[in-house]
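Chemist: predicted model follows, preceded by the sequence.
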Amino acid sequence: MPELPEVETTRRGIRKHVEGQTVKAVIIRQHKLRWPIPSTLNKTLARQRIHSVTRRAKYLLLGTDVGHVILHLGMSGSLRILDHSVPAEKHDHIDFVFNNGQCLRLRDPRRFGAVLFCRDDPYQHKLLKSLGPEPLDKHFDAKHIFDLSRKRKVTIKSFIMDSKIVVGVGNIYASEALFRAGIHPKRAAGKVSKEKYHLLVSVIKDVLKEAIKAGGTSLRNFTQSDGKPGYFKQALNVYGRKSEPCPNCKKPITQSVIAQRSTYYCTQCQK
DNA sequence: TTAATCACCTGAGGGC
DNA sequence: TGCCCTCAGGTGATTA
């Protein structure tokens, strides 16, 4: 399940294979993703050179002279670089075929992902323009998040997962960051002290950096662009560890549902 | 404006 | 072994 580290790992993996390549064809096998893939994409991108592979939040942007492809991996999406002669399998929905014979192939069993095209500034696209700061950017700091949290009654976990507050903190890393910061996930965002927000911002950055370094979290079906799994799962303290002893106090990890998402925490260490 | 809920989708895993 | 059911989860849209 791709979160920000998985998307960044994917970006780094595909970048060297995609930047500078010229699109020969776009083969769409399944138009129905989260939103329909534009049927004119092949015509639009044919003979276009991809000059950049960038990321904003969990969106990947493929830059060309005529506009940007906006890619989202949703819940189960993955991108791989393959020789185009490799037969497509079930759930391989779209190929960006390059002149060198390779292709960028999107697989997405659950089809929560998206492939869109934007001719204008992609950062003004309706999906991107209201997003909060990048978590690893200097603009994401304790003052920013503390100021926005005042009088907010929503749980701190939902708050840090809100992309208008900060992008890229998904369910796994929200649980991990709150554990490291010693904050109970059901605490109201407006009741968390400035000191705790200082710590929380710091551990969010740490968790995401460590996960990127480890190649993401391989849960169920995430693989890197070369097909290898991520290794951050081994470093998770609480996520997916219901009833296992807390790494700090040995009390069993609790699981409950917050905002319709499984949440893991230690009732002893997180207040 | 804020908070909560719904909808989309399919593979994995458990129970029988 | 096969069938059925539940769970998982990112995020925009909808509702309260």
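Modeler: Everything's here; your move.

Chemist: helix or strand: which one has the residue nearest to A:P122 when sequence neighbours are not counted?
Modeler: Closest residue to A:P122 apart from its sequence neighbours, by CB to CB, 6 or more residues apart in numbering: A:H68 at 4.2 Å. Using the backbone N, CA and C atoms, a C-beta is placed for each residue, glycine as well. Element membership of A:H68 [criterion: DSSP states H and E] is strand A:67-72.

Chemist: ok, the residue nearest to A:P122 touching A:L62?
Modeler: Yes: here A:H68 reaches A:L62: they are 6.4 Å apart, a contact under CB atoms under 8 Å.

Chemist: measure the residue nearest to A:P122 to DNA strand B for me?
Modeler: Distance check for A:H68 against DNA strand B: by CB to the nearest atom of the strand, to the nearest Å, it reads 23 Å.

Chemist: pLDDT score assigned to that residue?
Modeler: Confidence at A:H68, expressed as pLDDT, is 94.

Chemist: near DNA strand B, which residues of chain A?
Modeler: Within chain A, the positions near DNA strand B by CB under 7 Å from any atom of the strand are A:32, A:34, A:75, A:90-91, A:109-112, A:152-155, A:158, A:189, A:220-221, A:259-260.

Chemist: tell me what the strand holding A:H68 is packed against?
Modeler: Identification of packing neighbours for strand A:67-72 by 3 or more CB pairs under 8 Å, 6 or more residues apart in numbering; DSSP states H and E yields helix A:41-45, strand A:59-64, strand A:114-118.

Chemist: nearest to DNA strand C, out of those?
Modeler: Evaluated over the helices and strands packed on strand A:67-72, closeness to DNA strand C peaks at strand A:59-64, with 7.2 Å, by CB to the nearest atom of the strand.

Chemist: quick check: angle from that closest one to strand A:67-72?
Modeler: 160 degrees (axes from the mean of the first three to the mean of the last three CA atoms, to 10 degrees).

Chemist: so what are the sheet partners of strand A:59-64 and their directions?
Modeler: Here strand A:59-64 is paired, per DSSP bridges, with strand A:52-56 (antiparallel), strand A:67-72 (antiparallel).

Chemist: rewinding a little: would you turn the helices and strands packed on strand A:67-72 into a markdown table with mean pLDDT and mean neighbour count?
Modeler: Listed next are the helices and strands packed on strand A:67-72 as a markdown table, based on pLDDT from 0 to 100; neighbours: other CB atoms under 10 Å:
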| stretch | mean pLDDT | mean neighbour count |
| --- | --- | --- |
| helix A:41-45 | 94 | 17 |
| strand A:59-64 | 94 | 21 |
| strand A:114-118 | 92 | 20 |
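
Chemist: between the ones you listed, which gets nearest to A:V166?
Modeler: strand A:59-64 (14.9 Å; CB to CB).

Chemist: could you tell me the angle between that closest one and strand A:114-118?
Modeler: Using the same axes, to 10 degrees: strand A:59-64 against strand A:114-118 is 40 degrees.

Chemist: what sits up against strand A:59-64?
Modeler: Here strand A:59-64 makes contact (CB atoms under 8 Å, 6 or more residues apart in numbering) with A:7, A:10-11, A:18, A:23, A:45, A:48-55, A:68-73, A:79, A:96, A:122, A:127-128.
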